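Asks: everything below, folded, please.
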Amino acid sequence: MKDLISQLQIQVNEKIFLKDPNSSELGRKIVRHGIELIDSIGFEKFTFRKLAVKIETSEASVYRYFESKHHLLVYILSWYWGWIEYKIVFATTNIQDPVEKLKSALSVLCIGADKESFFHHVNVKMLNRIMTSESSKAYLVKEVDEANKEGFYAGYKRVIARLSNILLEINPDYEFPHSLVSTVVEGIYHQKYFSDHLPSLTDLNGKEESILAFYNDLILNCLQPQTSKK
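Replies: Sure, this is the predicted structure:
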């Protein structure tokens with residue numbers, strides 16, 4: 001299974017970039033070192049000038065691949081959601097019980113990079129940290145509606161749809177599957193962030209197991225038929 005995953009090529013919406021980063025060694029360096037730099041100094045302080053210095057190229061060369069640093073952020077997060085989607089598919093394919101399927105899918109989200117350091121040229125552990133601290137900056141922008149029309153968030157929405165379908169397998173009458181799933185997915189990363197930086201906002205210790213236990217409990221309680229809650 002692991003060998004099969006390693007052979008996968010994750011596709012990212014071509015409208016996000018000007019030139020496919022996978023088409024050249026420079027493009028792959030821009031992605032690899034862009035992730036390292038954002039993880040190190042944060043997205044606010046990250047610039048293409050700093051990235052160009054790091055990879056010993058010109059700033060203009062970076063702009064040939066991405067229109068802006070926001071597009072680069074959307075690219076790496078889109079890549080991450082594509083990777084998460086593959087992981088969820090492989091983790092749940094042979095599971096018939098929808099409750100167990102849900103637990104396996106949530107485990108992928110909570111554990112994230114687990115023991116993998118690199119997937120091709122991408123440092124997944126660093127990217128997982130960027131997801132925790134920077135992911136909302138991909139869509140909390142004035143241009144979100146235009147970006148959404150261009151399909152910038154398609155990978156994220158596919159993951160939400162997959163999990164929502166699993167919820168409906170458990171309880172076909174549940175009215176709010178997408179709302180619950182998007183709340184949980186965002187919450188997973190918020191709880192990790194709170195645990196590291198604002199611990200008074202959470203009762204969890206930041207460990208993947210405690211976050212997984214909390215959201216398993218939350219979702220399964222929400223999915224109980226109304227008659228069993230009375």
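
Asks: which helix in the chain runs the most residues?
Replies: helix 69-92 (DSSP state H).

Asks: do you know how far residue 217 is from residue 139?
Replies: For residue 217, the distance to residue 139 (Cβ to Cβ, to the nearest Å) stands at 28 Å. From N, CA and C alone the C-beta is placed, and that goes for glycine too.

Asks: what does the average pLDDT come to for the longest helix of the chain?
Replies: For helix 69-92, the mean pLDDT works out to 95.

Asks: buried residues in it?
Replies: By 16 or more other Cβ atoms under 10 Å, the buried positions in helix 69-92 come out as 69-88, 90-92.

Asks: what about that helix, distance to the chain center?
Replies: Distance of helix 69-92 from the chain centroid (Cα atoms, centre = their mean, to the nearest Å) equals 5 Å.

Asks: do stretch 182-191 as well
Replies: That offset, for stretch 182-191, works out to 11 Å (Cα atoms, centre = their mean).

Asks: just the strands from the chain, written as ranges.
Replies: 118-119, 122-123 (DSSP state E).

Asks: so what strands line up beside the last one?
Replies: Pairing partners of strand 122-123, with direction, according to DSSP bridges: strand 118-119 (antiparallel).

Asks: output the strands of the chain as CSV; include the columns mean neighbour count, mean pLDDT and distance to residue 48.
Replies: Listed next are those as CSV, based on neighbours: other Cβ atoms under 10 Å; pLDDT from 0 to 100; distance: least, Cβ to Cβ, whole Å:
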stretch, mean neighbour count, mean pLDDT, distance to residue 48
strand 118-119, 16, 70, 24
strand 122-123, 20, 90, 19
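
Asks: among these, which is nearest residue 27?
Replies: strand 122-123 (12.4 Å; Cβ to Cβ).

Asks: can you list the residues that contact that closest one?
Replies: By Cβ atoms under 8 Å, 6 or more residues apart in numbering, the residues outside strand 122-123 that reach it are 31-32, 35-36, 39, 76, 79, 83, 117.
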